[in-house]
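Trainee: Fold the stuff below for me.
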Amino acid sequence: MSDLEYLATLLAGLDAEIARLSAAESGSGEQSSAVDDASAAVLRLRSKVKAGYSGKKAYYIAVSTDPNGIRVEGIAALQGKRAHELVRDGGWMHADSTTVLDLLDDDQIGRYRAIAGRGVAQTFRDSREYLSAAIGLAEK
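Mentor: Numbers count the residues shown, from 1 in each chain. Presented below is the predicted three-dimensional model:
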């Protein structure tokens, strides 16, 4: 499988998880599973995009200049966490929630602020938009 095919597969996987999340009933087990799976899909795609940049600094400069890129990093802050634990009523919990404070360290909370209080499905759509555009940038 070529890199381009692999990236297309990763994007299709993220699209499927976003659709699944959008269709899930709020507070359901399906929603929880979809949030965790969508987070994992973003992290896989982010890893591939990040690897395409000449250095770590180049990726972080690029991501920090785009609101949707900053949201990608907000999701990345949840790496290794059960992301669904930070979702209430279709939105991410606010950064000052005791649940957030208990689950994330200071660095993670700093990045999580980019998505705190936003709609979960929209956050994943924004992240998908950034990452799909970044694929072209990462290949340069």
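Trainee: Spatially central residue for the protein, please.
Mentor: Ile75 (3.7 Å; Cα atoms, centre = their mean).
Trainee: How about the contacts made by that residue?
Mentor: 39, 42-43, 46, 83, 115, 123-124, 127 (Cβ atoms under 8 Å, 6 or more residues apart in numbering). The way it works is simple: take the backbone N, C-alpha and C, and place the C-beta from them, glycine included.
Trainee: Now with 6 Å, please.
Mentor: 39, 42, 127 (Cβ atoms under 6 Å, 6 or more residues apart in numbering).
Trainee: before we move on, what about Arg46?
Mentor: So Arg46 contacts Val72 (Cβ under 6 Å, 6+ apart).
Trainee: Let me know the secondary structure of Gln31.
Mentor: On the three-state scheme (DSSP: H, G, I helix; E, B strand; the rest coil), Gln31 is labelled helix.
Trainee: Flag the shaky bits of this protein, pLDDT-wise.
Mentor: Within the chain, the ranges that satisfy pLDDT under 70 run 136-140.
Trainee: okay, now the closest residue to the residue nearest to the centre of the chain other than its chain neighbours: neighbour count?
Mentor: What sits nearest to Ile75 in space, not counting adjacent residues and going by Cβ to Cβ, 6 or more residues apart in numbering, is Val42, at 4.9 Å. By other Cβ atoms under 10 Å, 28 other residues sit near Val42.
Trainee: next one: Ala8
Mentor: Neighbours around Ala8, by other Cβ under 10 Å: 14.
Trainee: what does Gly90 give?
Mentor: Gly90: 16 neighbours (other Cβ under 10 Å).
Trainee: SS state for the nearest residue to it once chain neighbours are set aside?
Mentor: In space, and not counting its chain neighbours, Gly90 is closest to Ser26: 5.0 Å by Cβ to Cβ, 6+ apart. Put simply, Ser26 is coil when judged by three-state DSSP.
Trainee: how about Leu78, secondary structure?
Mentor: coil.
Trainee: For the nearest residue to it once chain neighbours are set aside, give me its contacts.
Mentor: Nearest non-adjacent residue to Leu78, counting by Cβ to Cβ, 6+ apart: Ser39, 5.6 Å away. Taking Cβ under 6 Å, 6+ apart, we find Ser39 in contact with 75, 78, 83.
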